[in-house]
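Visitor: coords please:
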Amino acid sequence: MTDQLRHVTRALLSVSDKSGLLEFARALALHGVELISTGGTAKAIAAEGLKVKDVSELTGFPEMMDGRVKTLHPKVHGGLLAIRDKADHTHAMKTHGIAQIDLLVVNLYPFEATVDKGADFEECIENIDIGGPAMIRAAAKNHNDVAVVVDASDYQAVLDELKANQGATTLHLRRRLAAKAYARTAAYDAAISNWFAGELNIETPEFRAFGGRLIQALRYGENPHQKAAFYRLPERRPGVSSLLQLQGKELSYNNINDTDAAFECVAEFDPKRTAACVIVKHANPCGVAEGPDLATAYRRALACDSTSAYGGIIALNRSLDAETAKAVTEIFTEVIIAPEASEEAIAIVAKRRNLRLLLTGGLPDPRAIGLTAKTVAGGLLVQSRDNAVVDDMTLKVATKRAPTEAEMRDLMFAFRVAKHVKSNTIVYAKDLATVGVGAGQMSRVDSARIAARKAEDAARELKLAEPLTRGSVVASDAFFPFADGMLACIEAGATAVIQPGGSMRDNEVIEAADKHNIAMVFTGVRHFRH
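Guide: As a prediction, the model looks like this:
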């Protein structure tokens, strides 16, 4: 690739976000660049005392139709698309009075922000930019001759090149800017198409695209030999994409994945009702508990599996306070994520320099609709977010014995947690705390036994006479296909069961529960998480 230089003699600027615009325009003028602009952008530049030509002077047509038609004109697109070294192109420019445009600066109408603020349908439609993407794509296609800027963060790079090359840009920069320009218009169109599908209740649109903006380039992916980056989607959901990191090392790919799992789980617990703590290791909760305060909830969650909690992620549903901060910093922890934190708690965590403290300003809504996506070979699996909440389910007692009030409370707690554990899932709970978690096994029986074994390990560590699964309840994320999985839970000491039901062998499972005087509740809702 030769780094052919192209001098910038004329620039067209049309921006919605005017951050840094005036400084940039002033610097371009100092390089002798003729400025052309539109509407509010032209007025802002002129107000600074800079000479600027309104695009209507260039085209010979006024802006019309509420500004919908202003740049869709041959004198704009011809100036952007003409190949400078092609004789018939330059002849056409001369014949039709088309002046070349060497630099295009456009950022688009704020469609994503308009949707985010809850604007109505018509306002969202009016914030779909047409002329902007058309110009951007034209300039990007002709990047051999034209530089296109869609992000204010690139203003300085352009100015640096103009200074270094006596008012010219390099092909290397123009290609980089063109690639970014196409990515921006792709993300913009993806946001529009997904919004349209949602507004029209089209569950499976013929074409589906997702676009995001880079939050950070990551050191590596799940493993050091994998490349990775983190992107923000248009959806504004409190969590890992919107957080403020107060301290600690840069988040890794696995940190972000685990932190998201922890925070989405803790959001199931309404902070107005209870304090809650979730401890996650490798994207699975290894301890979850409610409590009268965060410190109590944390200690009870930790007691479930303190071995796995080492080096884990702590998610809290209320503001981090000093007592909880002291408790959490007693063992090695990778991340603490919470909606807020007190100044005293921040000071306590600061003593652990590498511990990441993340504040989100709020909790995600577990009932909110949304999409999740997963890549497979040559394809993309897209589904609606699992926004089913146990509080909204119609629970059906399937056995002769109904759960006691205390059992029902723990059953709902356990099923709330099971939603966020990898399948096959078994969660034992007692007094609003997990006491054994079995995750990600090929057999539900294995998950039940692993969770029970972990409870035995915790009992030995806590010097208890028996594991806390004795007298506990148990949740299964999907139905028991046979009675054996439930019998393993009963053997571990569970007295009540919550599961979706729906197996062709439900009657066998119910009969086995009745035989052991076990209460069992069907939710009718499955929570597979692969």
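Visitor: for the stretch 301-450 of the chain, what spans make up the strands?
Guide: Defined through DSSP state E, counting those that start in this stretch, the strands belonging to the stretch 301-450 of the chain, from first to last, are 312-316, 333-338, 356-359, 371-376, 379-384, 396-397, 426-429, 434-438.
Visitor: so can I have JSON lines of those strands showing mean neighbour count and distance to C489?
Guide: Glycine gets a C-beta too; all of them are placed from N, C-alpha and C. Conversion of these to JSON lines gives the following (neighbours: other C-beta atoms under 10 Å; distance: least, C-beta to C-beta, whole Å):
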{"stretch": "strand 312-316", "mean neighbour count": "29", "distance to C489": "25"}
{"stretch": "strand 333-338", "mean neighbour count": "25", "distance to C489": "31"}
{"stretch": "strand 356-359", "mean neighbour count": "22", "distance to C489": "35"}
{"stretch": "strand 371-376", "mean neighbour count": "10", "distance to C489": "29"}
{"stretch": "strand 379-384", "mean neighbour count": "10", "distance to C489": "29"}
{"stretch": "strand 396-397", "mean neighbour count": "12", "distance to C489": "17"}
{"stretch": "strand 426-429", "mean neighbour count": "32", "distance to C489": "7"}
{"stretch": "strand 434-438", "mean neighbour count": "31", "distance to C489": "10"}
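Visitor: Contacts only, for A46.
Guide: Going by C-beta atoms under 8 Å, 6 or more residues apart in numbering, A46 touches V52.
Visitor: In three-state terms, how would it be classified?
Guide: A46 falls in the helix class when you classify it by DSSP: H, G, I helix; E, B strand; the rest coil.
Visitor: And for the one 10 residues further on?
Guide: What three-state DSSP gives for S56 is helix.
Visitor: Going forward, the N-terminal residue is numbered 328.
Guide: I'll keep to 328 as the first residue from here, and by that count the last item is S383.
Visitor: That one touches T398, doesn't it?
Guide: No: if you go by C-beta atoms under 8 Å, S383 and T398 don't touch, sitting 10.1 Å apart.
Visitor: quick one: which of these two has more around it?
Guide: When neighbours are counted by other C-beta atoms under 10 Å, S383 and T398 differ, and T398 comes out ahead with 25 against 16.
Visitor: returning to what we had before: do you know which of the strands of the stretch 628-777 of the chain lies nearest K421?
Guide: strand 706-711 (48.2 Å; C-beta to C-beta).
Visitor: residues in contact with the closest one?
Guide: Residues from elsewhere that reach strand 706-711 (C-beta under 8 Å, 6+ apart): E530, R535, I696, G697, L698, T699, A700, K701, T702.
Visitor: Please repeat the previous calculation with a cut-off of 6 Å.
Guide: Contacting residues not belonging to strand 706-711 are listed as R535, L698, T699, A700, K701 [C-beta atoms under 6 Å, 6 or more residues apart in numbering].
Visitor: Closest to V724 out of the residues you listed?
Guide: Relative to V724, and with distances defined as C-beta to C-beta, the nearest of the contacts of strand 706-711 is T699, at 32.3 Å.
Visitor: Need the pLDDT of the closest one.
Guide: With respect to pLDDT, T699 scores 93.
Visitor: what sits against it?
Guide: Contacts of T699 (C-beta under 6 Å, 6+ apart): Q710, R712.
Visitor: Any regions of the stretch 328-477 of the chain where pLDDT drops low?
Guide: Scanning the stretch 328-477 of the chain with the threshold set as pLDDT under 70 gives 328-330, 391, 393-397.
Visitor: let's go with 50 and repeat that
Guide: Within the stretch 328-477 of the chain, the stretches with pLDDT under 50 are 328.
Visitor: what does the chain give?
Guide: 328.
Visitor: Look through it and report the residue furthest from the middle.
Guide: Among residues of the chain, the one most distant from the C-alpha centroid is T422; the distance is 51.7 Å, by C-alpha atoms, centre = their mean.
Visitor: Distance check, that residue against A414.
Guide: As judged by C-beta to C-beta, to the nearest Å, T422 and A414 stand 12 Å apart.
Visitor: circling back to that earlier point, which one of the contacts of strand 706-711 is nearest G359?
Guide: Distances from G359 to the contacts of strand 706-711, taken as C-beta to C-beta, are shortest for R535 (46.7 Å).
Visitor: show me what contacts the closest one?
Guide: Under the criterion of C-beta under 6 Å, 6+ apart, the neighbours of R535 are V709.
Visitor: switch to 8 Å and redo it
Guide: If a contact means C-beta under 8 Å, 6+ apart, then R535 has S520, N521, A524, L707, V709 as its contacts.
Visitor: who's the fourth one bridged to?
Guide: In this structure, L707 has beta-bridge partners T702, where bridges are defined by DSSP bridges.
Visitor: Compute the distance between it and R540, please.
Guide: Summarising the geometry, the distance separating L707 from R540, computed by C-beta to C-beta, is 19 Å.
Visitor: before we move on, what about the last one?
Guide: Between V709 and R540 the distance, using C-beta to C-beta, works out to 20 Å.
Visitor: what's the answer for the second one, then?
Guide: Remark: distance between N521 and R540 (C-beta to C-beta) = 15 Å.
Visitor: Now G367: which helix or strand?
Guide: In this structure, G367 is located in helix 366-374 according to DSSP states H and E.
Visitor: Longest helix in the protein, please.
Guide: Looking only at the chain and at elements set by DSSP state H, the helix with the highest residue count is helix 498-526.
Visitor: can you pull the buried residues of that helix?
Guide: Under the neighbour-count criterion of 16 or more other C-beta atoms under 10 Å, helix 498-526 has 498, 500-501, 504-505, 507-512, 514-515, 517-522, 524 buried.
Visitor: do stretch 664-683 as well
Guide: Judged by neighbour count (16+ other C-beta under 10 Å), stretch 664-683 contains these buried residues: I664, A665, P666, A668, A672, I673, I675, V676, R679, L682, R683.
Visitor: same deal with stretch 759-779?
Guide: Within stretch 759-779, the residues that qualify as buried by neighbour count (16+ other C-beta under 10 Å) are 759-768, 771-779.
Visitor: same deal with stretch 643-663?
Guide: Going by neighbour count (16+ other C-beta under 10 Å), the buried part of stretch 643-663 is 643-645, 647-652, 654-656, 660-663.
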